[in-house]
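> This is the structure alone, sequence omitted:
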């Protein structure tokens, strides 16, 4: 939170605490004038703090040396570069060879919800990057050599991947 906001809340809470300590009575014109004067004072102090902070911030201009300037420096605005908004590539424009997985990498598993998986190591040996495969389909399976990464075949098919035919 900004310090100005905290200072304003603190001033208001102090004012309310001071009024709550007094016995209840009808507000007179003097009381209303004092309240407005206190609020104006808090507002003026807050503005003074804000202005002093604005002066402390560095300018957005950078001094560049130019030899033809008689004082030695000229202020120029800092150039801003706007990046273009990324565009979605339609699916038809994308190459389709990445969506076909080799059928040799499919293995049958037991003891889980999925019956067939595509082994990650086999895909890497077939020069297929596993980075492009969805992480939601990744799972760990137990092999004779220990644990290995695999991808659930129904999940991959649901996301548009197919198996290569022999």
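Great, that's in hand. Predicted model, so just to flag it, every value in this text is computed and none were measured.

> in the one helix or strand residue 30 maps to, what's buried?
Using DSSP states H and E, residue 30 maps to helix 29-56. Under the neighbour-count criterion of 16 or more other CB atoms under 10 Å, helix 29-56 has 42, 46 buried. C-betas here are computed from N, CA, C, even on glycine.

> Could you do stretch 146-161 as well?
Neighbour counts over stretch 146-161 (16+ other CB under 10 Å) mark 148-153, 155-156, 161 as buried.

> What about these, which are in strands?
If you go by DSSP state E, the buried residues of stretch 146-161 have 148-152 in strands.

> Just put these in CSV and tack on distance to residue 124 and pLDDT.
Formatted as CSV, these follow (distance: CB to CB, whole Å; pLDDT from 0 to 100):
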residue, distance to residue 124, pLDDT
148, 11, 88
149, 10, 92
150, 12, 91
151, 12, 93
152, 17, 91
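
> Just give me the closest of these to residue 100.
Within those, proximity to residue 100 (CB to CB) peaks at residue 151, which comes in at 14.0 Å.

> Would you agree that closest one is in contact with residue 114?
No. In this structure, residue 151 is not within contact of residue 114 by CB atoms under 8 Å, at 9.6 Å.

> Overlap of the contact sets of these two?
Here residue 151 and residue 114 share the contacting residues residue 139, scored by CB atoms under 8 Å, 6 or more residues apart in numbering.

> Provide a list of residue ranges in this structure with pLDDT below threshold.
Across the chain, the ranges flagged by pLDDT under 70 are 1, 18-26, 54-81, 83-98, 166.

> Contacts for stretch 142-153, please.
Here stretch 142-153 has contacts from 106-107, 109, 114, 116-121, 123, 130, 133-134, 137-141, using CB under 8 Å, 6+ apart.

> Now do the contacts for residue 164.
100-103.

> run the last query once more with 6 Å
Residue 164 sits next to 100, 102-103 when contact means CB atoms under 6 Å, 6 or more residues apart in numbering.
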